[in-house]
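> predicted structure and sequence below. I'll ask about it afterward.
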Amino acid sequence: QVQLVESGGGLVQPGGSLRLSCAASGFTLDSYAIGWFRQAPGKEREGVSCISAYDGSTYYVDSVKGRFTISRRNDKNTVYLQMNSLKPEDTAVYYCASDVWSGHGCYFSHEYDHWGQGTQVTVSS
């Protein structure tokens, strides 16, 4: 059974850090591009970061550049999102998703085929 499971969310004060994990089962993550998305209440889902299957290149939305880092551990079949200097506007449910695209780059506009259940991140004092 193909499954993605996110973990690592929680409540953190502004300026704090969290590391989200996206663990895969039923397939090998390194053959897929992986994206992290988030959805805040009343807002549309947005792409946050992604990592390509081809060469591990990464992409970040402007609002998180310099603060978030996406990485992949193939031996653990897991992708991580390290989030530093968190802001209240980062509050959202965060999802990871897989894209069968194995070429150059990664793209939020692609049709991601498997999604995790989401993990809540709340940044508040």
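That came in fine, so what should we check first?

> OK, contacts around the residue nearest to R45 when sequence neighbours are not counted?
The shortest distance from R45 to any non-neighbouring residue, by C-beta to C-beta, 6 or more residues apart in numbering, is to Q39 (4.2 Å). Heads up, the C-betas are built off the backbone N, CA and C, glycines and all. By C-beta atoms under 8 Å, 6 or more residues apart in numbering, the residues touching Q39 are 45-46, 92-93, 95, 118.

> check which element follows the helix or strand where S49 lies along the chain.
Under the criterion of DSSP states H and E, S49 resides in strand 46-51. Downstream of strand 46-51, the first helix or strand assigned by DSSP H and E is strand 58-60.

> after that next one, next one along is what?
Following strand 58-60 in sequence, per DSSP H and E, is strand 68-73.

> what's the first helix or strand after that next one?
strand 78-83.

> which secondary structure elements does that following strand sit against?
Where contact means 3 or more C-beta pairs under 8 Å, 6 or more residues apart in numbering; DSSP states H and E, strand 78-83 is packed against strand 18-25, strand 33-39, strand 46-51, strand 68-73, strand 92-99.

> now do the contacts for the residue most central in space within the chain.
By C-alpha atoms, centre = their mean, the chain has its centre lying nearest to W36, at 2.4 Å. W36 is in contact with 20, 22, 47-50, 70, 79, 81, 94-96, counting by C-beta under 8 Å, 6+ apart.

> now do 10 Å
For W36, the contact set (C-beta atoms under 10 Å, 6 or more residues apart in numbering) comprises 6, 20, 22, 47-51, 60-61, 64, 68, 70, 79-81, 83, 94-97, 108, 116.

> could you do A53 as well?
Per C-beta under 10 Å, 6+ apart, neighbours of A53: 28-34, 72, 98-106.

> also S85?
Taking C-beta under 10 Å, 6+ apart as the test, what S85 contacts is 14-17, 64, 66-68.

> out of these, who's nearest Q1?
Q1 lies nearest to F68 out of the contacts of S85, by C-beta to C-beta, at 29.5 Å.

> excluding covalently adjacent residues, which one is nearest to the closest one?
Excluding the flanking residues, the one nearest F68 by C-beta to C-beta, 6+ apart is M83, at 5.1 Å.
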